[in-house]
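K.L.:
here is a sequence together with a model predicted from it:
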Amino acid sequence: MSEASTQIWRVGAIMNEPLPEVLRFCAWYIALGADEVVICFDNPDDPALELLKDHPRLRCIPCTPEFWSRVGLTAGDAFVTRQNAAMTWVYQQYDDGWLLNVDADEYLFLENGGLVDLLADVPDRVQSIRVVTAERLVVQQAEEITYFRRPMGYEDRKSVYGADVELFGPRRAGLVGHPQGKSVVRCGVPGLSLRQHWPRAVKGHDLHELLLDHRDGAHLLHMIGADYDVWRSKLDWRCASRGFTAGLTARVQAALAAPEPDAALRSLFARLHCATSELLDRLDSHGALLRLQLNVDALVQEYFGISPGALPKAPIDPDT
């Protein structure tokens, strides 16, 4: 296998998102240099398919009943099961290069160079590179900075969150979503299957993983709380699929059952995903704050000639 072929990389995701979110994802990874962006559309009639199907760097796959039959499932199976099967199928289509397996709201960010530069220095024995999460914070300030929090140890998150620390669970390292990050997986490894955070090797075989975090200038930017409406539309699914901790799931379900659920949910959203200047200062003092200058919508305009803000937010199927 040539050196050039080992540095080919693709990104894969299964999604059922509003068109603005699909375009942001595609534009981000095109700009990052992906040789191919592979999207399995969980809704086989997704309107994004018609718009994107002829783009030279996008591969759009409608998840029809025939597609699910091909991977041994049906459209009625649990989403996580379908996600893993779909991404494993995508992975198996390629004999060379690498596949980054992410969700629609996850953007790989490297402070120095591109992914090709990183892959050029990866030892041959490494089969997977996992990049740790940084989680989006909503800050109501008129400046061109996007803020993220990084995983924290227990004492740090107690100091940062105070009485709200219980919202962030014992195993989420001070985040709402996953702290583990996501993986770039070497293609062509026999028997490898993909899971949400890392691949799984055949029983009896070791998986050699390289773990990268902020000390390496590598971040998986998780936009889980970037938009209240998108967050709100996914609550039922996240509660049912262990997307939240048990304690937070109970709080979300109580808010959904409240007489004025949106008022209760907006209050909870603010505690989970919004940051005051004081909270930013505390995160910064504990080395858990990331500041970036990002303009993803400008990338959408550049690559697709569309302003995401002008597009309607279509409803999202709560099953996805």
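P.N.:
Yep, that arrived.
K.L.:
buried residues, stretch 94-105. List them.
P.N.:
94, 97-105 (16 or more other CB atoms under 10 Å). C-beta coordinates here come from the backbone N, C-alpha and C atoms, glycine included.
K.L.:
sitting in strands, which of those residues do you find?
P.N.:
98-101 (DSSP state E).
K.L.:
hang on, the earlier thing: will you turn the buried residues of stretch 94-105 into CSV that also has distance to residue 178?
P.N.:
As requested, the buried residues of stretch 94-105 are arranged in CSV below (distance: CB to CB, whole Å):
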residue, distance to residue 178
94, 25
97, 25
98, 21
99, 19
100, 16
101, 13
102, 11
103, 10
104, 14
105, 12
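K.L.:
return the member of those residues nearest to residue 293.
P.N.:
Among the buried residues of stretch 94-105, residue 105 lies closest to residue 293 (CB to CB), at 19.4 Å.
K.L.:
quick one on the thing from earlier: how about the buried residues of stretch 94-105 in JSON lines, adding distance to residue 116 and pLDDT?
P.N.:
JSON lines is the format used below for the buried residues of stretch 94-105 (distance: CB to CB, whole Å; pLDDT from 0 to 100):
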{"residue": "94", "distance to residue 116": "16", "pLDDT": "96"}
{"residue": "97", "distance to residue 116": "10", "pLDDT": "96"}
{"residue": "98", "distance to residue 116": "10", "pLDDT": "97"}
{"residue": "99", "distance to residue 116": "14", "pLDDT": "98"}
{"residue": "100", "distance to residue 116": "12", "pLDDT": "98"}
{"residue": "101", "distance to residue 116": "18", "pLDDT": "98"}
{"residue": "102", "distance to residue 116": "17", "pLDDT": "98"}
{"residue": "103", "distance to residue 116": "23", "pLDDT": "96"}
{"residue": "104", "distance to residue 116": "23", "pLDDT": "95"}
{"residue": "105", "distance to residue 116": "24", "pLDDT": "96"}
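K.L.:
buried ones in stretch 206-217, by neighbour count?
P.N.:
207, 210, 212-214.
K.L.:
now the strands for this protein?
P.N.:
Taking DSSP E, the strands of the chain run over residues 9-15, 36-41, 58-62, 98-101, 106-110, 128-131, 133-137, 146-149, 182-186, 193-194, 199-200, 209-212, 218-222, 289-292.
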